[in-house]
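Q: Show me the folded form of this:
(one chain, ligands or ions: 1)
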Amino acid sequence: MVEAVRVNLQREFESPEARANPIPVYAKLRKLGLVLRSPALYGESFVLPRYEEVVSVLKDPRFANDRRNVPGGTSLDRWWVPAILRMLVSSMVLKDPPDHRRLRNLVQKAFTPLMVDKMNGRVEQITEELLDAAARKPVVDLMEEFALPLPLTVISEMLGVPEPDRLSFRKLITKVLDPAAMSPLAFIRNYPYMLQLNRFLRRLVKLRRDQPGDDLVTALVQAEEGGDRLGEDELISMVFLLLFAGHETTVNLIGNGMLALVQNPGQLQKLREQPDLIDSTIEELLRFTNPVGQVAPRFAKEDVEIAGVRIPQSSTVTLLIASANLDEAAFPNADTLDITRTPNRHVSFGYGIHYCLGAPLARLEARVAIPALLRRFPRLDLAVPAEKLRWRPNIGLRGLEALPLSVSPAGSAAERSAA
Ligand code: HEM
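A: Numbers count the residues shown, from 1 in each chain. Purely as a prediction, here's the structure:
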């Protein structure tokens, strides 16, 4: 048997340089070994940095997402993890079949490519409104004025969240899921925000129970009332998951993606000249900029051997999808942004039964947003030196605090439609 090499993942990524450019850190991890070992939030975790092993675990039924299906207790059952947080995060991502299938089936049909395509017009409308406001300024913070409000508005409309509540929801989840706050003391400090978030979600469910609308929360409330085996806590946690996953990730696809294009002017120019490269561009931005760095932890249901390393039953395994996406063995010239790359079997949306439910929606938003930005702004440049860009501390969800861009808008409406 081979010994797993020990690392400290948190330390590897804590410097501002690593946050700004994690590519060398992932390269180092892949070089260190096929299976690594690192301290983690709940003890220790095996860490997989390479494509082949990541994909093989994602499709291996010997690994569970729900720690309760593994001997040795539940991951969140620590005395210091508040019950509300446990409830909020007990969504389908942390469930195994048959619970996982039952929950996913309840919402799956709202996110099929066919259903999502029907939203194209509305996504275009929101995009144009946001760009109208942004185009009045010489410097735009793309995150605040575009990358955040677009997906937040889309998912809020899908779920029926009233407009005045949207930004307050966003602020609350940023507090509650702050990765820098994963300690007993921080949990106690953040407890009031968890209570507020719980109240916000229950108010939303009550609103849609009292005033049904043509939205997903209403559909879920009706499923619960129709005896469709959906408990109240499950409903709350589902709404939380959809609202959270529905925007927090796409924000970073648009933000990180636009930064990557601006920093690779040759690729940006190619896309301007060949707009039909948009689909392969989006796949490449998903691969190269990795808005989601790692999937939910997996737990070994039995002893498993990976690349000669024994992973004992009940062990936690961390799958670095961002690193898998940069693995030379799977992607030639992996460190280079190539918007024509085909095939492009990235794992940015995961793989297997937990494959991202919102992938069609994320792709649609990016397919509308990026070409609209390029049409509206014939010139896009970073308004600050790249070293001054601030990255959010969460490497699991990689994104910028702000992205100031100097823009030169296409002057008239006629010019715009000609572009
Ligand atoms: C660029 C945007 C996005 C990325 C990179 C992304 C990434 C992912 C990944 C990697 C997973 C798998 C998690 C795991 O296996 O542990 C996942 C699951 C999921 N995503 Fe996304 N996501 C994105 C957008 C969205 C959107 C717009 C929604 C809309 C609601 C969404 C909803 C979900 C849900 C509900 C799951 C859980 C699926 C399951 O457990 O069966 N995601 N996503």
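Q: which residue packs closest to residue 268, ignoring adjacent ones?
A: Setting aside the residues directly before and after it, residue 268 is nearest to residue 261 in space (C-beta to C-beta, 6 or more residues apart in numbering), at 4.4 Å. Backbone N, C-alpha and C define where each C-beta goes, glycine included.
Q: and the stretch 201-350 of the chain, which residues reach the ligand?
A: 241-242, 245-246, 249-250, 253, 291-292, 295-296, 321, 348-350 (C-beta under 6 Å from any ligand atom).
Q: Try it again at 5 Å.
A: Neighbours of the ligand within the stretch 201-350 of the chain, by C-beta under 5 Å from any ligand atom: 242, 245-246, 249-250, 253, 291-292, 295-296, 348-350.
Q: And these, which of them are buried?
A: With burial judged by 16 or more other C-beta atoms under 10 Å, the buried subset of those is 242, 245-246, 249-250, 253, 291-292, 295-296, 348-350.
Q: helix or strand for the residue nearest to residue 268, which one?
A: Assigned by DSSP states H and E, residue 261 belongs to helix 232-263.
Q: Now do that helix: distance to the chain's middle.
A: Centre-to-centre, helix 232-263 and its host chain are 5 Å apart (C-alpha atoms, centre = their mean, to the nearest Å).
Q: Next, the buried residues of that helix.
A: 234-262.
Q: Take the residues of the stretch 201-350 of the chain next to the ligand and write them to CSV, including pLDDT.
A: Converted to CSV, these look like this (pLDDT from 0 to 100):
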residue, pLDDT
242, 95
245, 92
246, 92
249, 95
250, 97
253, 98
291, 95
292, 95
295, 95
296, 93
348, 98
349, 98
350, 98
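Q: Would you mark the buried spots in stretch 139-159?
A: Under 16+ other C-beta under 10 Å, the buried positions of stretch 139-159 are 140-143, 145-159.
Q: That one and the ligand, are they touching?
A: No. Judged by C-beta under 5 Å from any ligand atom, stretch 139-159 and the ligand are separated, with a smallest distance of 6.0 Å.
Q: Output that stretch in CSV with nothing but the alpha carbons.
A: C-alpha atoms of stretch 139-159 as CSV (Å, rounded to 0.1, in the frame of the first residue of the first chain):
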residue,chain,number,x,y,z
VAL,A,139,-15.9,52.6,-15.0
VAL,A,140,-18.3,49.8,-14.1
ASP,A,141,-17.9,47.3,-11.2
LEU,A,142,-19.0,44.3,-13.2
MET,A,143,-19.7,42.2,-10.1
GLU,A,144,-22.0,44.7,-8.4
GLU,A,145,-23.7,46.1,-11.4
PHE,A,146,-24.1,43.0,-13.6
ALA,A,147,-22.6,39.6,-12.6
LEU,A,148,-24.5,39.5,-9.3
PRO,A,149,-27.9,41.1,-10.1
LEU,A,150,-28.5,39.1,-13.3
PRO,A,151,-28.5,35.6,-11.8
LEU,A,152,-29.9,36.8,-8.5
THR,A,153,-32.9,38.4,-10.3
VAL,A,154,-33.4,35.3,-12.5
ILE,A,155,-33.5,32.8,-9.7
SER,A,156,-35.5,35.1,-7.4
GLU,A,157,-38.2,35.5,-10.1
MET,A,158,-38.2,31.7,-10.7
LEU,A,159,-38.7,31.1,-7.0
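Q: now the stretch 51-200 of the chain, which segments are flagged as low pLDDT?
A: By pLDDT under 70, the low-scoring segments of the stretch 51-200 of the chain are 73-80, 178-183.
Q: Nice, that's everything, thank you.
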